[in-house]
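1. Show me the folded form of this:
(one chain, ligands or ions: 1)
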Amino acid sequence: MLELATTKVHDEERQGEAYAPFGNDPNPYKRKFYIESYGCQMNFSDSEIVASILNKEGFGATRNFEEADLIFLNTCSIREKAEQTVRKRLTEFKKLKRRRPSTLIGVLGCMAERLKSKFLEEEKLVDIVVGPDAYRTLPQLIAEADGGQKAVNVLLSREETYADISPVRLNSNGITAFVSIMRGCNNMCSFCVVPFTRGRERSRDAHSIVRECQELLDNGYKEVTLLGQNVDSYYFVPNGPSPSTGLNVEDGAKAPSRWEGDERAPGSDPITFARLLEMVASISPDLRVRFSTSHPKDITDDVLHTMAKYENICKYIHLPLQSGSTRVLQLMNRSYTREWYTAKVDRIREILPDCGISSDVISGFCTENEEDHKDTLSLMEYVGYDMSYMFFYSERPGTLAERRYQDDVPLEVKKRRLQEIVDLQGKLSHQSNKKDLNKLFKVLIEASSKKTDTDWMGRNSQNKVVVFPKENKDYKPGDYVWVKVTNCTQATLLGELV
Ligand code: SF4
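-> A predicted model of the protein is given here:
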């Protein structure tokens, strides 16, 4: 179950989720598309962009692939298991393709980018292969495939941010939405495929982000999560080119997070992530703002002070640790030490005493020994994470680690260390939740509790799930309520309305 490592947060419950048809859409579509998404939130967000592009081309969404003229799998390469799932899923479309040869089958996302046209050789029934920066060309690619040719576009771009495309929301609860603020990543973490599959970092026009968040609020949404592989290096220059480093990721070179040689037009102040947060938070105190993912080397005091200044910026930071050993962090190319990381956490606690912190942790990276592993456990104890995404390392083709290091920690050792990490995190989560007993939290109601219709489920600012009885009061999803915590489990706070 627990496998490879990534800083990208995978919501296991959503893997393979199909795109829902547009609500109350009266248009009679001649052709229908079906998209299934895998991997991180970025992919789910991209499926919304793809849906928007296809809709403009006159395609309606369906959740039943049997009636689709176009079937897309938006894929993930971060784990071997994720790729196997996609290959298995493709075989399930074989029968349909035999019955209706005109149905087009396309592969989107990271796996498409990693395998490129090789995909077409390996999976004969695939008609279209499209990388994450080429979705605008989908209409042409579909036309080519309609004409009987196989169609591929896996070009990575230095500019594409899809800023002007209003995503059609995927299976939304109508309350919380993800807003993509940048694409790609310039950090060459040695275990990660993202720099190769998603290309170099680009920041989206800040004003288009604010516009999208305003529209979401106007449509009844109450929470936005600003999304990027490394949000702290967001840097947008109005009227200027977006950050570009001129480095080729294939070189394996470390790219600077900030734009060097800045030649912006006079009077156009650059917008940093702290400034962007402020701009989004200022839309309305009723709109909660979250963000993911932060990089420990890049998160600034400015961001922390902005979080402190605005009540509606949630007090929660996902700050992936990966390893507590400075030696291993160096091999991972994470650009910080154990001491740097603890100093960052101290700073967060100083400026934002009530801030929730979560992490990603990898066990058994190349050369990791028992001392390194103990360093990870002790750092986890030091921070007292509320939650972590935990994996054991498994090598991915094309990464720096694959080229440079031997994957030399035996599987059973990786698994045993992972289990120790999981057990410790369970203890830390429970301790963290117990500290919240008797406290009052402002909770945004998201939906009825999964277990019973008589309870609401929502989240507090620290991103903890809070469940409480509805008590026949006239609340609805999207309302803010105050809840007193009366009990807890490892994963959930239980409370009552006050
Ligand atoms: S910072 Fe970039 S390279 Fe490093 S793990 Fe995240 S996405 Fe991958």
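
2. Looks to me like residue 124 is in a strand.
-> No. Applying DSSP: H, G, I helix; E, B strand; the rest coil, one finds residue 124 to be coil, outside a strand.

3. Run through the bridge partners of the residue of the stretch 351-498 of the chain found nearest the ligand.
-> Nearest to the ligand in the stretch 351-498 of the chain, going by Cβ to the nearest ligand atom, is residue 360, at a distance of 8.2 Å. C-betas here are computed from N, CA, C, even on glycine. Counting by DSSP bridges, residue 360 is bridged to residue 389.

4. I figured it hits residue 321, correct?
-> Yes. Using Cβ atoms under 8 Å, residue 360 makes contact with residue 321 at a distance of 6.9 Å.

5. looking at the chain, which helix or strand is least sure?
-> strand 17-18 (a mean of 73; mean pLDDT, DSSP states H and E).

6. and the helix or strand following that strand, what does it pack onto?
-> From strand 17-18 onward toward the C-terminus, using DSSP states H and E, the following helix or strand is strand 31-37. Strand 31-37 is packed against strand 17-18, helix 41-56, strand 59-61, strand 70-75, with contacts defined by 3 or more Cβ pairs under 8 Å, 6 or more residues apart in numbering; DSSP states H and E.

7. Let me know which of the ones you listed is the nearest to the ligand.
-> That would be helix 41-56 among those, by Cβ to the nearest ligand atom, at 9.2 Å.

8. Which strands and helices lie in contact with the closest one?
-> If contacts are counted by 3+ Cβ pairs under 8 Å, 6+ apart, helix 41-56 sits against strand 31-37, strand 59-61, strand 70-75, strand 104-109, helix 138-146, strand 176-180, strand 223-227.

9. same question for the fifth one, mean pLDDT?
-> By that I understand helix 138-146. Mean pLDDT, helix 138-146: 95.

10. so how many other residues sit close to the residue of the stretch 351-498 of the chain closest to the ligand?
-> By the measure other Cβ atoms under 10 Å, the count of residues near residue 360 is 19.

11. cool, and the one 10 residues further on?
-> For residue 370, the number of neighbouring residues by other Cβ under 10 Å comes to 9.

12. picking that back up, so which of the helices and strands packed on helix 41-56 comes closest to the ligand?
-> In terms of Cβ to the nearest ligand atom, the element of the helices and strands packed on helix 41-56 nearest to the ligand is strand 223-227, at 12.0 Å.

13. now the helices: where do they sit in the stretch 101-250 of the chain?
-> Using DSSP state H, counting those that start in this stretch, the helices of the stretch 101-250 of the chain run over 110-115, 118-122, 138-146, 194-197, 206-218.

14. can I get those in TSV with distance to residue 70 and mean neighbour count?
-> Formatted as TSV, the helices of the stretch 101-250 of the chain follow (distance: least, Cβ to Cβ, whole Å; neighbours: other Cβ atoms under 10 Å):
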stretch	distance to residue 70	mean neighbour count
helix 110-115	15	25
helix 118-122	17	14
helix 138-146	7	18
helix 194-197	22	24
helix 206-218	26	18
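
15. got a markdown table for these, with distance to the ligand too?
-> Output for the helices of the stretch 101-250 of the chain, formatted as a markdown table (distance: least, Cβ to the nearest ligand atom, whole Å):
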| stretch | distance to the ligand |
| --- | --- |
| helix 110-115 | 11 |
| helix 118-122 | 22 |
| helix 138-146 | 25 |
| helix 194-197 | 4 |
| helix 206-218 | 20 |
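
16. a markdown table for the ones you listed, including distance to residue 18?
-> Below are the helices of the stretch 101-250 of the chain laid out as a markdown table (distance: least, Cβ to Cβ, whole Å):
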| stretch | distance to residue 18 |
| --- | --- |
| helix 110-115 | 18 |
| helix 118-122 | 21 |
| helix 138-146 | 18 |
| helix 194-197 | 22 |
| helix 206-218 | 22 |
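
17. and of those helices, who's closest to residue 229?
-> Residue 229 lies closest to helix 194-197 among these, at 5.7 Å (Cβ to Cβ).
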